[in-house]
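Q: Take this sequence and fold it.
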Amino acid sequence: MANYLHDDILDTALAYIETNTENLYITSSVATDFTEASATFALGVKATPSFTGPADGTSGRKITIDAITDGTVTGTGTAAYWALTDDSETKLLAAGPLAGGVAVVSGGTFTLTATAITIPDVT
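A: Okay, here's the model as predicted:
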């Protein structure tokens, strides 16, 4: 195991997510693959979300998914997770929990506050 990785190495991984993300989905359960994120658990979608970073995190490096004000709700249920996908390659790139479950109704819109994706420093 490495004892040290330069910030450029961590930034490259984070930049890959930023460059290749085509959609952000809100999901009812944590997605572990592309199909779960984009279909099985999907409750809403925001095409081409924007990011800020890479930048220093509290421990390591981070990118931030910028706040969303105009996501489209495509299903009814409780959104508890987010997922970033590269649809051209049918890849799930990253997934994580929302701050709390939010009830959504198909046909509406959703908003999300800015969310950080962090790769911690090697210890």
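
Q: Could I get the buried residue list for the lengthiest strand in the chain?
A: If you go by DSSP state E, the chain has its longest strand at strand 91-104. Buried residues in strand 91-104, defined by neighbour count with 16 or more other Cβ atoms under 10 Å: 92-95, 98, 102, 104. Glycine gets a C-beta too; all of them are placed from N, C-alpha and C.

Q: Equivalent analysis for stretch 103-117, please.
A: So for stretch 103-117, counting by 16+ other Cβ under 10 Å, buried means 104, 110, 112, 115, 117.

Q: Tell me where the chain has helices.
A: 7-20, 34-35 (DSSP state H).

Q: So which of those is nearest Asp121?
A: Asp121 sits nearest to helix 7-20 of all those, at 8.1 Å, using Cβ to Cβ.

Q: how about that closest one as PDB, C-alpha atoms only?
A: Provided in PDB are the C-alpha atoms of helix 7-20 (Å, rounded to 0.1, in the frame of the first residue of the first chain):
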ATOM      1  CA  ASP A   7      -2.600  15.500  -5.100                       C
ATOM      2  CA  ASP A   8      -2.300  15.200  -8.900                       C
ATOM      3  CA  ILE A   9      -3.000  11.500  -8.700                       C
ATOM      4  CA  LEU A  10      -6.200  12.000  -6.600                       C
ATOM      5  CA  ASP A  11      -7.200  14.900  -8.900                       C
ATOM      6  CA  THR A  12      -7.000  12.700 -11.900                       C
ATOM      7  CA  ALA A  13      -9.500  10.300 -10.500                       C
ATOM      8  CA  LEU A  14     -11.900  13.100  -9.500                       C
ATOM      9  CA  ALA A  15     -11.500  14.800 -12.900                       C
ATOM     10  CA  TYR A  16     -12.500  11.500 -14.500                       C
ATOM     11  CA  ILE A  17     -15.800  11.600 -12.700                       C
ATOM     12  CA  GLU A  18     -16.300  15.300 -13.600                       C
ATOM     13  CA  THR A  19     -15.500  14.800 -17.300                       C
ATOM     14  CA  ASN A  20     -17.400  11.600 -17.800                       C
END
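
Q: Alright, I will stop here.
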